[in-house]
Each structure stands twice: as structure tokens, then as C-alpha cells.
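In: Below: sequence and its predicted model.
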Protein chains: 2
Amino acid sequence: MSSDDLPPEPDDGIPPEATDADRFTNARAIRSTALFEDYTELIADLTEEFGEARITDIARRLGVTHPTANKAVLRLKREGLVISRPYRGVFLTEAGAAMAREVKARHRLVVRLLIAVGVPPEAAEMDAEGIEHYVSETTLKAFEVYLDGRQ
Amino acid sequence: MSSDDLPPEPDDGIPPEATDADRFTNARAIRSTALFEDYTELIADLTEEFGEARITDIARRLGVTHPTANKAVLRLKREGLVISRPYRGVFLTEAGAAMAREVKARHRLVVRLLIAVGVPPEAAEMDAEGIEHYVSETTLKAFEVYLDGRQ
DNA sequence: ACGGAAATGTAGCCTGTGCTATATTTCCAA
DNA sequence: TTGGAAATATAGCACAGGCTACATTTCCGT
């Protein structure tokens, strides 16, 4: 009656196939960091554009209210990704900046790949916003190889 | 000081570029339906394998505890995606089955595309679990065209 | 320099999604 | 047939992430 009918293979060091549970657990873990990635990337953009990231601008760009953005920034602060003083702008720490750089690179690569396989640029930008968080290092490397190998 | 410097173009029926906020709002909306998609797909699988989907099996496959699965099933029920009686299995409604079919088709297509661009099958399966929810109809069509045009 | 507008902060609410602990029901084997 | 094991349900906690309403601070123009 159980669905757990994998034969009990000896532990020979070869990693067993990822189970369904592994995949879903992985996806949940990513979902919980996706928001941080969105914020750090956005804060980096705003800092570059305006010299600082204001709560109001963060909120408007994300399409949420200021209190929501403010709470999120508190969490980012707690995680050591940003620093901020009351009534002042928000700035990335080195850790936050590193995350932003990585996220941005991933984002660009995902968009390029989608366009390369024929997705209209508008749709590519839209879908990449969600997809980017779930693209592993392995997949990212494959995207690079694919894009390099075709021009 | 504002980042909202789009000129006030006359409403000529041409859809303006999607703003950052639009993209993030879209991603948030999808995130809230992703769980339903995972559940309906899984319930369809279990029903096919065992004739019914038991809470325990759902929980194990998703890597969560039974109470978590139970609560989620209550929400699915409220949304009209499943029917269930206490201490009995869970079954998809027609709406739930339709969602499951669509999700499964999308999942397969995403995996196929990832593999087609060179992603190792293991990684493709793993990443698809998160990516699939964010792939729009437009992008899906592009994937189909791409895959058809290369075999 | 000061008063109102804009920005920011805070309080408190709701829902979702996870958990543990405990109760209840069902099922199966002796 | 009945008692214990397995499955399911429920209660209650925590936190994330959204909101509105309201308080506070900053900024800017007169």
C-alpha cells in the first residue's frame, strides 16, 4: 500500500535518485529565499540609479505597500543583508551585494536563454521573474554552454 | 526623485511595457497557486497508482507532515478542487483533474526543454519542480515550437 | 523658521504554510 | 471479535508576507 517501493540498495556512495519529497522540499526552500533575492536585486538597482534605496521606491517597484516593504527590510536586516537607519535609505551589506550580483547574473542568463529558444522578450522578462529563483548552478552552467555554442 | 518617469503616453490601445511592479505582482500571484498545482498533480498520480490518494501518501511524497497535508487538502476542498470524506481518501473534482492535466503537461514540457538545451536529466527534474509554475502560455507555446523544430 | 506634505515607522489584523502534541477513527491480525 | 497499530483529524504555536489605519519624522517652499 505504501508508495515507497524502492529496493533497499546497498549504500555504495552513489547518490540515489532524488525522491519526489526531495524535489518538493528543495522547491519550498527556494521559495523562502526568493523574496530576499528580489529585494537585494532591487535595492542594488535603486542604489545604482539614485545613490540609495528608499522604502517608498522599493514598495512601488515591487507593487506592495510601504509597511510591507518596511517589514521585509527588517527581515533583510536581521539576516545581515542590508543596513539602514530610521527614516533613512537602505543599503546592501557585502553579503547582500553578493546576493544581488548573483541574482542579477542569473536573471540575465535566464532571459537570454528564453529568448534564444524563441520566447518573445516581453514574456521572457515576465516569466524570468519567477523562474530565475529555481535555476540551479548545474542548469545555469548548461544555459551558458548552450548560449555560447550558438553564435 | 521618483523612478516613475514614463511619459504619459496617450491611451492608444497599445499595451505599455510591463512595469517592474507588474512582474512582481504576477510572480506573487503565481506563488499563491503553486501549492494547489503541486497537490492536484500529486493527487492525480496517486489516484492512478493506488486508486485513491491517502493523506499519508500525499504527505510523504511532498515531504511534509500529515497535519500540513490535511490542512492543504481542506483548502483544496474549499476551492472546489477535491472532494473527501473524513478518514477516507482524497479525490479530484473535474476542476482539480483539469488543473492536474494542465500542470502535468507543463511539467513534462519544461523538463523536455531543459534537457534539450543540455541540462542533465536529474537537474532538469529538480529545477522543473519550481520553474513549471512560472511558465506562461506564451512561453509554453514557444517551447513547443522549439522542441518540434529540432527532432 | 515654520507649517504642511511626503516619507517612514508602528500597531494590529488576516491568511497561508509549516510544525508538535494529542485525540479520534479505522483496520487488521490473533 | 477485539485490541493495538496505523491512519486521520484537530488544536494550537510560529512566522512570513500581505493589508489598513494611524503616529512620527523629515523635507521643502514660502
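Out: Thanks, I have it.
In: pLDDT value on the closest residue to A:Tyr134 other than its chain neighbours, please?
Out: Counting by C-beta to C-beta, 6 or more residues apart in numbering or on different chains, A:Tyr134 lies nearest to B:Gly130, which is 3.1 Å off, once chain neighbours are set aside. The C-beta positions use only the backbone N, C-alpha and C, and glycine is treated the same way. Per-residue confidence (pLDDT) for B:Gly130: 97.
In: same deal with A:Asp20?
Out: The model's pLDDT for A:Asp20 equals 89.
In: Leaving out the residues flanking it, which one is nearest to it?
Out: In space, A:Asp20 is closest to B:Arg61, 4.6 Å off (C-beta to C-beta, 6+ apart).
In: if we can go back for a sec, next secondary structure after the strand or helix carrying the residue nearest to A:Tyr134?
Out: Using DSSP states H and E, B:Gly130 sits within helix B:121-131. Remark: after helix B:121-131, the chain's next helix or strand is helix B:137-148, criterion DSSP H and E.
In: centre of the chain versus that following helix, how much separation?
Out: Remark: helix B:137-148 is offset 17 Å from the chain centroid, using C-alpha atoms, centre = their mean, to the nearest Å.
In: Who are the packing partners of it?
Out: Counting contacts by 3 or more C-beta pairs under 8 Å, 6 or more residues apart in numbering or on different chains; DSSP states H and E, helix B:137-148 packs against helix A:121-131, helix B:94-116.
In: is the shortest one anywhere near DNA strand D?
Out: No - under the criterion of C-beta under 7 Å from any atom of the strand, helix A:121-131 makes no contact with DNA strand D; the nearest approach is 12.3 Å.
In: Contact partners for the spatially most central residue of chain A?
Out: Per C-alpha atoms, centre = their mean, the C-alpha nearest to the average position across chain A is that of A:His133, at 3.5 Å. Counting by C-beta atoms under 8 Å, 6 or more residues apart in numbering or on different chains, A:His133 makes contact with A:30-31, A:33-34, A:37, B:130.
In: Mark which of those are buried, thanks.
Out: Buried subset of these (neighbour count, 16 or more other C-beta atoms under 10 Å in any protein chain shown): A:30-31, A:34, A:37, B:130.
In: per-residue confidence for the closest residue to A:Gly89 other than its chain neighbours?
Out: The shortest distance from A:Gly89 to any non-neighbouring residue, by C-beta to C-beta, 6+ apart, is to A:Glu52 (3.3 Å). Looking at A:Glu52, its pLDDT stands at 96.
In: OK, contacts around A:Glu52?
Out: Taking C-beta under 8 Å, 6+ apart, one finds A:46, A:88-91 in contact with A:Glu52.
In: In helices only, show me these.
Out: A:Leu46 (DSSP state H).
In: out of the contacts of A:Glu52, which is most surrounded?
Out: A:Val90 (26 neighbours; other C-beta atoms under 10 Å in any protein chain shown).
In: I figured it hits A:Gly51, correct?
Out: No - the criterion here is C-beta atoms under 8 Å, and A:Val90 misses it with A:Gly51 at 12.0 Å.
In: Now render the helices and strands packed on helix B:137-148 as TSV, adding distance to B:Leu42.
Out: What follows is these, written out as TSV (distance: least, C-beta to C-beta, whole Å):
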stretch	distance to B:Leu42
helix A:121-131	20
helix B:94-116	8
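In: which one of those lies closest to B:Asp20?
Out: helix A:121-131 (8.7 Å; C-beta to C-beta).
In: circling back to that earlier point, what does the helix holding B:Gly130 rub up against?
Out: A:17-18, A:22-24, A:26-27, A:30-31, A:131, A:133-136, A:138-139, A:142, B:107, B:110-111, B:114-115, B:119.
In: Could you turn the buried ones of these into a PyMOL selection?
Out: This is the PyMOL syntax for the buried subset of the contacts of helix B:121-131, where burial follows 16+ other C-beta under 10 Å:
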select buried, (chain A and resi 23+24+26+27+30+31+131+133+134+135+136+139+142) or (chain B and resi 107+110+111+114+115+119)
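In: Thank you, goodbye.
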